[in-house]
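Engineer: sequence unavailable; structure follows:
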């Protein structure tokens, strides 16, 4: 059984653990360990996630498989990007799935859920940034209909940036 729910403040600890466990296989080798550890502590701490969960700008959704949280998304409505003409667009800031649940179509289900959510909020599309070396993710987003529309240097730390594609899905 699969279920998608909106994350609330009560999910902060679960979201923190899930974030780290899903982030490391995809990005843990993208920068020096010290930089990755600092990035994780800044972005995936329970305290930071609590702040984001109460911020109305961000919406987090958890996907469950057999009653276990196995992935999540973070979306920001009305978040324009210089590479996208339309101003009325949403940013998919995160879409993570635990590695052991790859291949079950859960990522596609979560993405489709977010596409429908974006449409309900009268957004004209979704954009995201994806590390160019995360080939699996680039292929996934391309399969979902996203197109590369630009590039962006993602700041991991004060001294390390990763090249990212900016991808866009017009709705």
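Structural biologist: Happy to help now that I have it. No experiment lies behind these values; they were computed from the predicted model shown. Residues are numbered from 1 along each chain as shown.

Engineer: stretch 93-108: which residues count as buried?
Structural biologist: 93, 94, 95, 96, 97, 98, 101, 106, 107 (16 or more other Cβ atoms under 10 Å). (Glycine included, C-beta is placed from N, CA and C.)

Engineer: from residue 11, how far out is the fifth one?
Structural biologist: Residue 97 is 16 Å from residue 11, where distance means Cβ to Cβ, to the nearest Å.

Engineer: can you show me the helices along this structure?
Structural biologist: Here the chain has its helices, by DSSP state H, at 12-27, 33-43, 46-54, 106-120, 135-143.

Engineer: show me which of the buried residues of stretch 93-108 is closest to residue 59.
Structural biologist: residue 93 (10.0 Å; Cβ to Cβ).

Engineer: surely the closest one is in contact with residue 128?
Structural biologist: Yes - Residue 93 lies in contact with residue 128 (Cβ atoms under 8 Å); the separation is 7.4 Å.

Engineer: before we move on, back to that, as CSV, the helices of the chain with mean pLDDT and distance to residue 73 would be great.
Structural biologist: Formatted as CSV, the helices of the chain follow (pLDDT from 0 to 100; distance: least, Cβ to Cβ, whole Å):
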stretch, mean pLDDT, distance to residue 73
helix 12-27, 96, 11
helix 33-43, 95, 15
helix 46-54, 97, 13
helix 106-120, 98, 5
helix 135-143, 97, 13
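
Engineer: out of those helices, which is closest to residue 158?
Structural biologist: Nearest of those (Cβ to Cβ): helix 33-43, 8.7 Å.

Engineer: one step back: of the buried residues of stretch 93-108, closest to residue 147?
Structural biologist: Taking the buried residues of stretch 93-108 together and measuring to residue 147 by Cβ to Cβ, the closest member is residue 95, at 16.7 Å.

Engineer: so how many other residues sit close to the spatially closest residue to that closest one that is not a sequence neighbour?
Structural biologist: Once flanking residues are discounted, residue 95 sits nearest to residue 73: 4.8 Å by Cβ to Cβ, 6 or more residues apart in numbering. Residue 73: 23 surrounding residues under other Cβ atoms under 10 Å.

Engineer: again, but for residue 51
Structural biologist: Neighbour tally, residue 51, other Cβ under 10 Å: 13.

Engineer: any idea how far residue 109 is from it?
Structural biologist: Distance from residue 51 to residue 109, counting by Cβ to Cβ: 28 Å.

Engineer: on that earlier part again, with distance to residue 168 added, can I get the helices of the chain in TSV?
Structural biologist: Below are the helices of the chain laid out as TSV (distance: least, Cβ to Cβ, whole Å):
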stretch	distance to residue 168
helix 12-27	21
helix 33-43	23
helix 46-54	23
helix 106-120	12
helix 135-143	10
